[in-house]
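# Need a 3D model of the following:
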Amino acid sequence: MKAAGLTVGAAVSMVRPIIRGSGMFQAGRRSVLAGAASLAAVGRARAAAPLRIGIINDMNGPYAAVAGPGSVVAAKMAVADFGGAVLNRPVEIVSADHLNKADTGLAIIREWFGPGNVQMVADFANTSVGLGVQPMLTQFNRIAIYTSVGSTIFTGKACSLLSIHWAHDTYATTQPLIRAMMAMGKKSFFFLVADYTFGDILAGDCKAALEAGGGKLLGTIRHPLGTSDFASYLIAAQASGVDVVVLCNAGTDLTNSYKQAIEFGLPAKQTFVTPIIFLSDVYALGATTGQGLQFTQSWYWDQTDATRTWAKRYQAETRQMPNDVHAATYSAVLNYLRAVGQANTDEAQTVMKTMKSMTIDDVFTKGGKIRADGKMVFDRFLTKVKAPAASQGPWDLLTIERTIPASDGFRPLAESECPLVKS
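Here you go, the predicted model:
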C-alpha cells in the first residue's frame, strides 16, 4: 500500500534514522507507526471483498413502475444511509431484469448466488421467480426478502427459514376490501384475473374472503400478462350482472383494464375494486379517473415529516414519488445491513436469527416484527384517492382513511400452512 507516493514500509524506514535517541522523536516515531497501521487498516478494508445485494424485478414491463429501477434507487439509498460498508466491507448493489420469465430470473439468481457471491436478493415483482428461488436459498445458504410480490404462499406452504415477506400480501390486501364490500350489501362478485401464479393466488384469497362472509362468485375470466385490449373480458364481466368486479391483476394490466372499464361506462353500473394498486398506478390513472377508489396501502409518502423528507430525496433521484414497494425495499436492505452488523457475520442463518429478533423501526414502518413463518407484520392503512379539487399537486393523491392494526391486517399465525410454524 502507498502513503503519499511511498509504501508504508518505506515511509516508516525513512523516519527511523531521524527519531533515534530523542523522546520527542520517539513519540513521533510512535505517531508515524500508528498512522502507518491506520493506513494499512484502511487498505485492508478497501481490499476486502464487497458484500453484494441483488435487486431483481421487472425493469421494463408491466411492473416496471411498481418496482423496477426505482427499487434499485431505494436500495442504494439504504446502503448510503447505513454508511456504505459493513464489517469493514463495502456494500454493492447489483440489479437485473427477469423479463417476467421464471427461467431467466432463476438463471440470473443462480449465477448471483454462485460466482457472483451475492448474499441477499430482494424485490422480485414476480411470484414464479420467487417460488423458484425458495429451494435455492438452502442450497446456497443465501437470503431472499420479498418486497413486491403479494402471494401468501411465501409464508405458507413454500415458506423458508431464509426468506422474509417484507411488505403487503394478498391476505392483507383482500380481506379488508372484500369485507368492506359485503358490509355495503354487495354479495355477488366477478373476478378478472391475470393468468399466472400471482393472479390465481390473489383470486383465491379474494374467494376465501367472500365465501367466509356469505358472498357468491358468479364468474372468473383470465387474461394474459401484458394485455392491451380488455374489451372482451369487460363485456363478460358486464354480462354477469354482478355487484362487484374484482380486478385481480396489477401494474399496467390493472391501469389499462380500469381505464377501459371507465371508457365503457361500467363503473357507473357495477362496482370495480382492486386488491393490489400502488401510488404509481394511481398516478397513471389520474385523480379524475381514480377519485373515490379505496384500497389498502403499506405506506404513503405524505404521512409524516420523516416520510416526506425521504420521499423528496427519492424524487430528486428519479423525478417520481416512491410507492410503498420502493419504501419497503429501502427498509429491507437497511435492516438486513443492520442485522449483518449486529451479528458480526454475513452467514445467512445467523443473520436471519438476528433479523427475527429485531423490531423494525424506520421510515417504512414502526414496531414491525418478523414472525416464525417469515412474514413481517406491521400496521397498514385503508386509503382513498382524492378528488381533483382536494389535491394540491400531481402526487398529492391519497388520504389515509384509517389504520389497520397488524393484528387485523395479516393472516393469523395460527392459520399458517408454513411447516416451520407447525413443526
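
# Leaving out chain neighbours, which residue sits closest to residue 113?
residue 140 (4.0 Å; Cβ to Cβ, 6 or more residues apart in numbering). Heads up, the C-betas are built off the backbone N, CA and C, glycines and all.

# Let's see the pLDDT reported for that neighbour.
Here the pLDDT value assigned to residue 140 is 98.

# Just want the phi and psi numbers for it.
phi -100, psi -10 (degrees, to the nearest 10).

# from now on call the first residue 37
OK, 37 is where the count begins now, so the last one is residue 176.

# separation between it and residue 159?
18 Å (Cβ to Cβ, to the nearest Å).

# Looking at those two, which has the bigger crowd around it?
Neighbour count, other Cβ atoms under 10 Å: between residue 176 and residue 159, residue 159 has more, with 34 against 18.

# Flag the shaky bits of the protein, pLDDT-wise.
Along the chain, the parts satisfying pLDDT under 70 run over 37-83, 459.

# Domain ranges for it, per the record?
Annotated domains of the chain cover 38-83, 87-204+337-414+447-458, 207-311 [automatic domain parsing].

# As TSV, those with distance to residue 323 would be great.
Putting the domains of the chain into TSV (distance: least, Cβ to Cβ, whole Å) gives the following:
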stretch	distance to residue 323
domain 38-83	50
domain 87-204+337-414+447-458	14
domain 207-311	13
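
# Quick one: closest of these to residue 426.
domain 87-204+337-414+447-458 (12.5 Å; Cβ to Cβ).

# End to end on that closest one, go ahead and measure it.
Using Cα to Cα, to the nearest Å, one end of domain 87-204+337-414+447-458 lies 34 Å from the other.

# now it, how far from the chain's geometric center?
6 Å (Cα atoms, centre = their mean, to the nearest Å).

# rewinding a little: for the residue nearest to residue 149, give its distance to residue 232.
26 Å.

# just residue 301 next, same as before
29 Å.

# what does residue 122 give?
36 Å.

# Show me which of the two is the more surrounded one.
Counted by other Cβ under 10 Å, residue 122 and residue 232 do not tie: residue 122 has more neighbours, with 20 against 17.

# how about the closest residue to residue 84 other than its chain neighbours, what does it touch?
Take residue 84 and drop its neighbours on the chain: the residue closest to it by Cβ to Cβ, 6+ apart is residue 125, 4.5 Å away. Contacts for residue 125 (Cβ atoms under 8 Å, 6 or more residues apart in numbering) come out as 81, 84-87.

# Help me confirm that the residue nearest to residue 149 comes into contact with residue 148.
No: Residue 176 is beyond contact range of residue 148, at 9.1 Å (criterion: Cβ atoms under 8 Å).

# what number of residues lie near residue 249?
Neighbours of residue 249 (other Cβ under 10 Å): 14.

# Tell me the backbone dihedrals of it, please.
phi -100, psi 10.

# And the next helix or strand past the helix or strand hosting residue 294?
Secondary structure assigned from DSSP states H and E places residue 294 in helix 287-299. For helix 287-299, the following helix or strand on the C-terminal side (DSSP H and E) is strand 307-309.

# Direction included, what does that following strand pair up with?
Using DSSP bridges, strand 307-309 pairs in its sheet with strand 280-284 (parallel).

# Quick one: residues contacting residue 302.
270, 273-274, 281, 308.

# Neighbour count and distance to residue 132 for those - can I get that in CSV?
What follows is these, written out as CSV (neighbours: other Cβ atoms under 10 Å; distance: Cβ to Cβ, whole Å):
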residue, neighbour count, distance to residue 132
270, 22, 35
273, 27, 36
274, 17, 41
281, 27, 35
308, 18, 35
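
# Among those residues, give me the pair with the biggest separation.
274 and 308 (11.0 Å).

# Now do the helices in the stretch 337-459 of the chain.
Along the stretch 337-459 of the chain, the stretches classed as helices by DSSP state H, counting those that start in this stretch are 341-354, 360-379, 384-393, 442-445, 455-458.

# how about these in a markdown table, adding distance to residue 411?
Output for the helices of the stretch 337-459 of the chain, formatted as a markdown table (distance: least, Cβ to Cβ, whole Å):
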| stretch | distance to residue 411 |
| --- | --- |
| helix 341-354 | 23 |
| helix 360-379 | 13 |
| helix 384-393 | 11 |
| helix 442-445 | 10 |
| helix 455-458 | 10 |
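
# So for residue 189, which of the ones you listed sits nearest?
That would be helix 455-458 among these, by Cβ to Cβ, at 12.6 Å.

# Of all the residues in the closest one, which ones are buried?
residue 457 (16 or more other Cβ atoms under 10 Å).

# helices or strands up against it?
Applying 3 or more Cβ pairs under 8 Å, 6 or more residues apart in numbering; DSSP states H and E, one finds that helix 455-458 contacts no other helix or strand.

# didn't residue 298 look like it was pressed against residue 326?
No: the criterion here is Cβ under 8 Å, and residue 298 misses it with residue 326 at 9.3 Å.

# Have a look at the two and say which one is more surrounded.
Shown here are residue 298 and residue 326; by other Cβ under 10 Å, residue 326 has more neighbours (25 against 16).

# residue contacts, the more buried one?
Applying Cβ under 8 Å, 6+ apart, the residues contacting residue 326 are 294, 318, 421, 433.
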